[in-house]
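**Q** sequence first, predicted coordinates after that:
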Amino acid sequence: MAFTRFAAVMISLAGPTAFATAADPKPVKMNVLFIVADDLRDTLGCYGNAAVKSPNIDRLAARGVRFERAYVQYPVCNPSRSSFLSGLRPDRTGVLDNTTVLRDKLPNAVTFPQLLKDNGWHAAAFGKINHLGGGRDEALRNRFLDLPHSWHEAKSFQPTAAGKVIEGRNLTGGKLPWCQWGMTAGTDDDQPDGQIAAAAIARMEASGDKPWLIGAGFLKPHDPFVSPKKYFDLYPPGSLKLTRDAKDQTPAPPLAVGFGDLGREFAKFSDKDRMEFLRAYYAGVSFVDAQVGRLLDALDRLKLWDRTVVIFLGDHGYHLGERDWWNKNTLFERCCRAPLIVAAPGAKPGVGKGLVEFVDLYPTIAEFCGVKPPGGLAGQSLRPLLANPTLPGKDAAFTVATRGPKVRGDSIRTDRWRYTEWTDGERELYDHAADPEESKNLAHAAERATVVTELSNRIASTRAKRP
């Protein structure tokens, strides 16, 4: 059942007026620190991974609400970001790939950074909050960054000369140029992610009492899997455990996973290749974690916690060898679910186990900041769940993925089931009560026909009326 019926709980989470005093009747406007890690799945200590070193993200989770089942609306960077920044599902944004600019589809969209910017907040994005498309074409890159609509300033960063000294290799002999790992010389600030943290902290320090929205968009653990050597040293070669799929796992439909050049190259990986990939990904997670720690330390030093909403997320999930896939862009749980942590004044630390979606972030931010969002948003404020993380979430979360302009998959996640259907007629049904790794496809089991029909109808009806 949708959590909106618990809206009365929001009374316990006072709005911005809670910080007004008799001497100063004006409410204090909330700051928003919006932290995004690129391609980050739940490879974090606070999500139960004992091998990874993520002490800083873990301490943020201890301070806020860690959502166990938060789902993106598209498992690829640009479509996912266009969705949660606009508060609209991919069907509405029209952004279904990494090359489409949101404004080309919805020129009058009001993103949540734009909403705050237009209402008195200083809005600054450092690194990858919007998709960093455009390459060397500055005009195109600025359109991807949504300048000047969404931000007063938006900056990307490059490694220094010292940071370009890399020891590593390409795992495909160069056939997939991105599939490269490397240990770099220099310090954290010789890499873009270190520079992003430094820029975000400098903006906090310079802002004084003016309310701000700062986006810190870290580039790791996204490929190329390049991080300073000290983060690789946290994971000695051979210290991590590779994923092994169940031997009787149901083969995935052709469109679901293993498709294209990526699937052919991943199938050639040796265990040595897999271990190097895994180690480099973990190093990237720890590199990001260290930068998050710098941001949290700045909030401590500047005494900003009582008027700052901190949101940390991965823009979508990722596969690390499940079904022999080492990438994103599937409709399995590993890609559709991503980490989400929110720490805010008045929020009760805890674990939210209900279903939530990334389109819920926009109305949540608007409510905390006391600004009226535009009509037609797809999500619902998470404020009730922040007041009481034990409340149930939504009854379903929806994710889509495409394979070119005419081929599509739609997936619905309910408390128990994940059901996915593809335009070629293939269907998948997984029972999370008994099969959390989605190994057994029950879509063709006669005893589950009613479930398949119900969830298929739900996808069709929801797609027809999605904002």
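**A** Done, it's in. Numbers count the residues shown, from 1 in each chain.

**Q** next, the buried residues of the helix or strand encompassing Thr462.
**A** According to DSSP states H and E, Thr462 maps onto helix 449-465. For helix 449-465, burial by neighbour count (16 or more other Cβ atoms under 10 Å) applies to Val451, Val452, Leu455, Ser456, Arg458, Ile459. Where you see a C-beta, it was placed from the backbone N, CA and C, and this is true even at glycine.

**Q** name the nearest of those relative to Val288.
**A** For the buried residues of helix 449-465, the residue nearest Val288 by Cβ to Cβ is Ile459; the value is 34.0 Å.

**Q** ok, the closest one - contacts?
**A** The neighbours of Ile459, taking Cβ atoms under 8 Å, 6 or more residues apart in numbering as the test, are Phe398, Asp410, Ile412, Tyr419, Glu421.

**Q** out of those residues, who has the most neighbours?
**A** In terms of neighbours by other Cβ atoms under 10 Å, the contacts of Ile459 top out with Tyr419 at 25 neighbours.

**Q** what about that residue, distance to Ser83?
**A** Separation of Tyr419 from Ser83 (Cβ to Cβ, to the nearest Å): 21 Å.

**Q** try Ser381
**A** Taking Cβ to Cβ, one finds Ser381 at 17 Å from Ser83.

**Q** Phe34 - that's part of a helix, no?
**A** No - with DSSP: H, G, I helix; E, B strand; the rest coil as the criterion, Phe34 is assigned strand and is not in a helix.

**Q** tally of neighbours for it?
**A** Phe34: 24 surrounding residues under other Cβ under 10 Å.

**Q** and Pro251, by the same measure?
**A** Neighbour count of Pro251, defined by other Cβ under 10 Å: 10.

**Q** closest to Asp190 among the buried residues of helix 449-465?
**A** Closest approach to Asp190 among these (Cβ to Cβ): Ile459, at 46.9 Å.

**Q** tell me the pLDDT of that closest one.
**A** In this prediction, Ile459 carries a pLDDT score of 95.

**Q** what sits against Ala154?
**A** Contact analysis of Ala154 by Cβ under 8 Å, 6+ apart lists Ala124, Ala125, Phe126, Ile129, Asn130, Asn142, Leu145, Asp146, Leu147.

**Q** give me the nearest residue to the most centrally placed residue in the chain, chain neighbours excluded.
**A** By Cα atoms, centre = their mean, the chain has its centre lying nearest to Asp315, at 2.2 Å. Nearest residue to Asp315, sequence neighbours excluded (Cβ to Cβ, 6 or more residues apart in numbering): Ser80, at 4.9 Å.

**Q** from what I see, the residue nearest to the centre of the chain and Pro75 are in contact.
**A** No - look at Asp315 against Pro75 with Cβ atoms under 8 Å: they stay out of range, at 9.1 Å.

**Q** how about the nearest residue to Asn98 once chain neighbours are set aside, what does it touch?
**A** Counting by Cβ to Cβ, 6+ apart, Asn78 is the residue found nearest to Asn98 once chain neighbours are left out, at 4.4 Å. Shown in contact with Asn78 (Cβ under 8 Å, 6+ apart): Val95, Asp97, Asn98, Thr99, Thr100, His131, Gly133, Phe144.

**Q** sitting in helices, which of those residues do you find?
**A** Judged by DSSP state H, those include Phe144 as members of helices.

**Q** list only buried entries from the contacts of Asn78.
**A** Val95, Thr100, His131, Gly133, Phe144.

**Q** in terms of secondary structure, what does the helix or strand hosting Pro363 contact?
**A** Counting by DSSP H and E, the element that carries Pro363 is helix 361-369. On a contact count with 3 or more Cβ pairs under 8 Å, 6 or more residues apart in numbering; DSSP states H and E, helix 361-369 meets strand 31-38, helix 77-86, helix 112-117, strand 308-314, helix 383-387.

**Q** just to be sure, Gly163 is in a helix?
**A** Yes - assigned with three-state DSSP, Gly163 falls within a helix.

**Q** from Arg448, how far off is it?
**A** Gly163 sits 52 Å away from Arg448, going by Cβ to Cβ.

**Q** of those two, who's got more company?
**A** More neighbours surround Gly163 than the other of Gly163 and Arg448, with 21 against 16 (other Cβ under 10 Å).

**Q** residue contacts, the more buried one?
**A** Per Cβ under 8 Å, 6+ apart, neighbours of Gly163: Thr184, Ala185, Gly186, Asp190, Gln191.

**Q** go again using 10 Å as the cut-off
**A** Residues in contact with Gly163 (Cβ atoms under 10 Å, 6 or more residues apart in numbering) are 184-192, 194-195, 226, 228.

**Q** and if you look at Thr420?
**A** Thr420 is in contact with 253, 255-256, 330-332, 336, 399-401, 409-413, 426-430, 438, 441, 443, 455, 459, counting by Cβ under 10 Å, 6+ apart.
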